[in-house]
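Student: Here's my sequence, what's the structure:
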Amino acid sequence: MNDVFNTLLELEARDPEFARAYAAETARIEAVDSIISALDEARGGEKLSKAALARAIGSDASTVRRLLSSESVNPTLSTVAEVAAALGMKVTLTPMSEDEKARITEPMRAFA
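Tutor: Now for the predicted structure:
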């Protein structure tokens, strides 16, 4: 099944618009997953419950549970920054590796 998917993906990726959309979605998913994982790891390191973290940001416990547990999370940057601050962290940007640029940035810029 994986071979079929990869073959189909390779064929579809020949379309520049598909390649752009796929690269953009890949970047979004990877970024959100990485940030949420880092926040949850920091929360664990601080020995802070999800409910306590929610209180620290003035939010409902269910909001923090969804943020850190949901498979389809799409937090706002302000929420991420506030949670990070409550955990003694801040949000920063780092440059992509050359491989990431080739895989993500180049297809996204094909129409620029």
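
Student: Report the contact partners of the residue nearest to the spatial centre of the chain.
Tutor: Central residue check for the chain by C-alpha atoms, centre = their mean: the C-alpha nearest the mean position is that of Val32, 1.1 Å away. Neighbouring residues of Val32 by C-beta atoms under 8 Å, 6 or more residues apart in numbering: 73-75. Glycine gets a C-beta too; all of them are placed from N, C-alpha and C.

Student: Arg65 now?
Tutor: Contacts of Arg65 (C-beta under 8 Å, 6+ apart): Lys50.

Student: how long is stretch 95-110 end to end?
Tutor: 19 Å (C-alpha to C-alpha, to the nearest Å).

Student: and it, which residues are buried?
Tutor: 104, 107-108 (16 or more other C-beta atoms under 10 Å).

Student: now, which of these lie within helices?
Tutor: 107-108 (DSSP state H).

Student: Same list, the buried residues of stretch 95-110, but as TSV with pLDDT please.
Tutor: Putting those into TSV (pLDDT from 0 to 100) gives the following:
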residue	pLDDT
Ile104	92
Pro107	91
Met108	91
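
Student: Check which element follows the lowest-mean-pLDDT helix or strand in the chain along the chain.
Tutor: In the chain, the helix or strand scored least confidently by mean pLDDT, DSSP states H and E is helix 2-12, which has a mean of 64. Following helix 2-12 in sequence order, the next helix or strand is helix 16-45 (DSSP states H and E).

Student: what mean pLDDT would you report for that next one?
Tutor: Mean per-residue pLDDT for helix 16-45: 92.

Student: do the same with stretch 77-90
Tutor: 95.

Student: Please export the C-alpha coordinates of it as CSV.
Tutor: The C-alpha trace of stretch 77-90 is given here as CSV (Å, rounded to 0.1, in the frame of the first residue of the first chain):
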residue,chain,number,x,y,z
LEU,A,77,0.1,31.9,17.5
SER,A,78,-1.1,33.9,20.5
THR,A,79,-2.3,30.7,22.2
VAL,A,80,1.1,29.0,21.5
ALA,A,81,3.0,32.1,22.8
GLU,A,82,0.9,32.3,25.9
VAL,A,83,1.2,28.6,26.8
ALA,A,84,5.0,28.8,26.0
ALA,A,85,5.4,31.8,28.4
ALA,A,86,3.5,30.0,31.2
LEU,A,87,6.0,27.2,30.7
GLY,A,88,9.0,29.5,30.8
MET,A,89,9.6,29.3,27.0
LYS,A,90,9.2,31.6,24.0
